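Q: coords please:
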Amino acid sequence: MKFDLRNFSLKTLLYFAFGLLAIISFTHFLFTTHINSQVASRGQSVELVNELSKNTYAMMSVSPMASDAHWPEKRSELKNIVGRHQNQLYTLEFGGKFNYHRIDAASDELLKSLKKSNIQWLPLKANISVLLDGEIEVDSLYLKSTNGLIAGNAAGAIKLINNQARNYILSLENLADDVKFELNQFQERLNSIALIFFMIEMLILILLVVTILNYVIGPLSKLSTVTDKMGHGESDIIRTTYKNEIEVVQEALNRFSIKLQNVTDFVKEIGSGNLKAEISGFEDQAVSNGLEGALVAMRDEMLKVSEDETQRKWATEGLAQFVEILRATDSDVKELGDKIISKLVEYTNSNQGGIYLYNDDEESPVLELIALYAFSNKKYEERTIRVGEGLVGQTFLERKTTYLLEIPNDYIDIVSGLGGANPKAILIVPLIVNDNIYGILEIASFKEYEQHEIDFIEKLCESIASTISGVKINQRTKQLLEESQQLTEQMQAQEEEMRQNMEELTATQEEMARGENERFAQQSAIDENIGIAEFNSTGDLIYSNDEYNRQLGLSTEKAQSLNMLSLFGKVIDNEFEGYIDKTSGSHSMNTYSIFRRSEIDGEQKTVELSLKTGEIPSNEIHVNDLGEMLQIQLEALDITQAKLDESLKVYVEKAKALSGSSYVLTLNDQLQVKNINQKAAAFVSKAGKEIVGKNVKEVFKAFQNKSGRQYLETYEGDTIEADVFIASLADEHEYLVHWN
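A: Numbers count the residues shown, from 1 in each chain. Sure, this is the predicted structure:
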């Protein structure tokens, strides 16, 4: 088979090209990594050789001082230098770590140079051993020879060390040159490999670009030309021998070109008014989601819109005709029924019809047949139907349209001169408007009713019910007007009565205020002249006025800590009247006191009224007179309180009566709502607990804090005519607002 790149898919070509690039790049990476490792190793070897030279110079400088017994630390230092130097020589020869970097073992060439250097190192090391230890362990045939390279004592060793160290340094320099030479070779090899791989990669990229230009860009240019023609409405067919993705695109464009031509012809047919046109070559028109499906759906929607418009026009014209009948006949219900049913049977192409009206004037409400069209005698004779009886009565109860397609044989017949037969469809619709039902409309036909016809009849029934409702409303309007006039007169009478009640309430409030002022004046007089104290059931002092505290010579706080036993030396548990001695701390006095036991706030208490005898001239006031005066004060307090309580009861009773028959709310000095009855709370559309405590202007838009009649508007849009009264209570005012 002939090899042709066009037969390979673009994905395969891309995978192959990028796979080849990946393999070459990975190989390049491996070679580069390996050679870089060798370069780094030789670079460290150069550093290590330099370190060996530094060690040798250190040996030369330390050796003279190490021979002196006064410098023992120099001997230790020299030993350390020699040991470190020897370890570094092993690392350079066999490999290892230097300065935390890995050094590879020396190559064969480097081993030769290293052996030359070791020839200079061994006698140097031996003489250093003689210098440090006085002798040397002979471990080499070379060292055993008597060639004069090793001294016999320390003084001779120092002389030989300097010369041998210089020779050793020269050998190390030669070793460093050999290491650098090998390092340069590795670097040149690295550069050569980088250049080779770069050329290979560039060649592959060029081949890839050429392949894309020839087998991708070229065919795409042809596709661009064809699609441009399609964009201008021209159809064209592409011929190709490609077997890759471009072939798929070309075949898709060919199919699209054919579909475009078919769709263009279809749109032209639709534009000419043929809403039943079909798309050529489009078979599965029901499920397609493409362009053809969208166009077919558009055609179907246009058909539906056309049909809906026809149905709307039919319903609109029909409603206009029936509205004219309803407008012309709005006084006689039976005449209206006859005209409506005859016109409806004709307009809907029905065969029979009838209208039933709900009659609730009788003891048992019934549906009364007031109009019919083409019913048989049997139907005509059944003039009334009870609620819930048959289909008509059941439809009245359910208030829903009943549509039957299966008719019982004995229900009704459509009769003509040639005979009779059961209808195919019966439609029973309630006459409802504003949730009120007024009757039933029933029609029958040999054909089924469509949904738009049923909707039309239901709307018509609303209009019929509205007209019937208007007729009945007109009949009751006069009666309602008369009843309204009577109610108005009754309301006026009630309003006058409420006004009188409010005046009485105002008078009661004023009387209570006067009584309160009198009581306040009397209480002030008593507080200024008579000491008053209250003791609980255990004899503890729980209240004392200023005069009583003055008599005791104590402050209010200290007086409250006393009891009967500490004051009188005994507990007075019954009524008493007369002179009595009191002791408060170091202070003693004699008072004329009256003790009375009574129940106050559900607790038994003892009340004392007292006058200090030192303040009573004995020649002017007799003891009996003093007791009588205190007794009068007690009775005056009781009488004033009783009057106030009685007035309060009357006020409460009148307020209850007013609250039950009217809308009432009360305000304090800051115009905040104190109380509101249920009727008023319901009227302002808020719960009472939400109104109480709020400013009255949050309830009424423009409230004026003055007495008299005001027209108040709520935020719900209601306007009321209210009476406002101001009652004075001690040092504050109370506003009472009421309306009917």
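
Q: contacts and neighbour counts: CA atoms only from here.
A: Will do.

Q: Would you mind finding the longest strand in the protein?
A: Counting by DSSP state E, the longest strand found in the chain is strand 587-600.

Q: what helices or strands is it leaning on?
A: With contacts taken as 3 or more CA pairs under 8 Å, 6 or more residues apart in numbering; DSSP states H and E, strand 587-600 sits against helix 546-552, strand 576-584, strand 603-612, helix 623-661.

Q: now the angle between strand 576-584 and it, please.
A: 130 degrees (axes from the mean of the first three to the mean of the last three CA atoms, to 10 degrees).

Q: among the helices and strands packed on strand 587-600, which gets the worst mean confidence?
A: Within the helices and strands packed on strand 587-600, confidence is poorest for helix 623-661, with a mean of 54 (mean pLDDT).

Q: okay, now the closest residue to A105 other than its chain neighbours: neighbour count?
A: Using CA to CA, 6 or more residues apart in numbering and skipping residues adjacent in sequence, the residue nearest A105 is G95, 3.9 Å away. Residues contacting G95 under the criterion other CA atoms under 10 Å number 17.

Q: what residues are up against G95?
A: Residues counted as contacts of G95 (CA atoms under 8 Å, 6 or more residues apart in numbering) are R102, I103, D104, A105, A106.

Q: could I get the residues you listed as TSV with neighbour count and secondary structure?
A: Formatted as TSV, the contacts of G95 follow (neighbours: other CA atoms under 10 Å; DSSP: H, G, I helix; E, B strand; the rest coil):
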residue	neighbour count	secondary structure
R102	18	strand
I103	24	strand
D104	19	coil
A105	18	coil
A106	20	coil
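
Q: right, and out of the residues you listed, which lies closest to Q352?
A: For the contacts of G95, the minimum distance to Q352 (CA to CA) is 113.4 Å, reached by R102.

Q: so who does the closest one touch?
A: With CA under 8 Å, 6+ apart, R102 has these contacts: S41, Q44, G95, G96.

Q: what about 7 Å?
A: For R102, the contact set (CA atoms under 7 Å, 6 or more residues apart in numbering) comprises S41, G96.

Q: State the pLDDT value of it.
A: pLDDT, read off for R102, is 84.

Q: The longest helix anywhere in the chain vs strand 603-612, what angle?
A: Longest helix in the chain by number of residues (criterion: DSSP state H): helix 451-529. Orientation check (the same axes, to 10 degrees): helix 451-529 against strand 603-612 gives 40 degrees.

Q: what mean pLDDT does helix 451-529 have?
A: Averaging pLDDT along helix 451-529 yields 75.

Q: Which neighbouring elements make contact with that helix?
A: helix 291-328, strand 425-433, helix 546-552, helix 623-661, strand 719-729 (3 or more CA pairs under 7 Å, 6 or more residues apart in numbering; DSSP states H and E).

Q: could you check the angle helix 291-328 makes with it?
A: Counting by the same axes, to 10 degrees, helix 451-529 lies at 70 degrees to helix 291-328.

Q: what separates helix 451-529 from the chain centre, distance-wise?
A: Remark: helix 451-529 is offset 46 Å from the chain centroid, using CA atoms, centre = their mean, to the nearest Å.

Q: got the angle for that helix vs strand 425-433?
A: Our comparison of helix 451-529 with strand 425-433, counting by the same axes, to 10 degrees, yields an angle of 30 degrees.

Q: Using PDB, write down the CA coordinates of the following helix or strand past helix 451-529.
A: Downstream of helix 451-529, the next assigned helix or strand under DSSP states H and E is strand 531-535. Output in PDB follows, covering the C-alpha atoms of strand 531-535 (Å, rounded to 0.1, in the frame of the first residue of the first chain):
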ATOM      1  CA  GLY A 531     -47.600  62.300 112.200                       C
ATOM      2  CA  ILE A 532     -48.700  59.200 110.300                       C
ATOM      3  CA  ALA A 533     -47.100  55.800 110.600                       C
ATOM      4  CA  GLU A 534     -48.000  52.300 109.400                       C
ATOM      5  CA  PHE A 535     -46.900  49.000 111.100                       C
END
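
Q: For the longest strand of the chain, buried residues please.
A: Buried positions in strand 587-600, judged by neighbour count with 16 or more other CA atoms under 10 Å: N590, T591, Y592, S593, I594, F595, R596, R597.

Q: would you list the residues you listed in TSV and tack on pLDDT and distance to E398?
A: Listed next are the buried residues of strand 587-600 as TSV, based on pLDDT from 0 to 100; distance: CA to CA, whole Å:
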residue	pLDDT	distance to E398
N590	86	95
T591	87	92
Y592	86	91
S593	88	88
I594	87	85
F595	89	83
R596	86	79
R597	84	77
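
Q: which pair in those spans the largest distance?
A: N590 and R597 (21.4 Å).

Q: how far away is the nearest residue to V673 once chain neighbours are set aside from V737?
A: In this structure, V673 finds its nearest non-sequential neighbour in L667, 4.5 Å apart by CA to CA, 6+ apart. According to CA to CA, to the nearest Å, L667 stands 8 Å off from V737.

Q: who's more crowded, those two?
A: Neighbours were counted for L667 and for V737 using other CA under 10 Å; L667 has more, 23 against 20.

Q: Tell me who's in contact with that one.
A: L667 neighbours (CA under 7 Å, 6+ apart): V673, K674, E734, Y735, L736.

Q: can you rerun that using 10 Å?
A: With contacts defined as CA atoms under 10 Å, 6 or more residues apart in numbering, the neighbours of L667 are 673-676, 692-696, 705, 726, 733-737.

Q: and for L667 and V737, which residues touch both?
A: What both L667 and V737 touch, as defined by CA under 10 Å, 6+ apart, is the set I676, I726.

Q: lowest confidence element among the helices and strands of the chain?
A: Lowest mean confidence among the helices and strands of the chain (mean pLDDT, DSSP states H and E): helix 141-144, at a mean of 41.

Q: pLDDT wise, what is V429 at?
A: Looking at V429, its pLDDT stands at 93.
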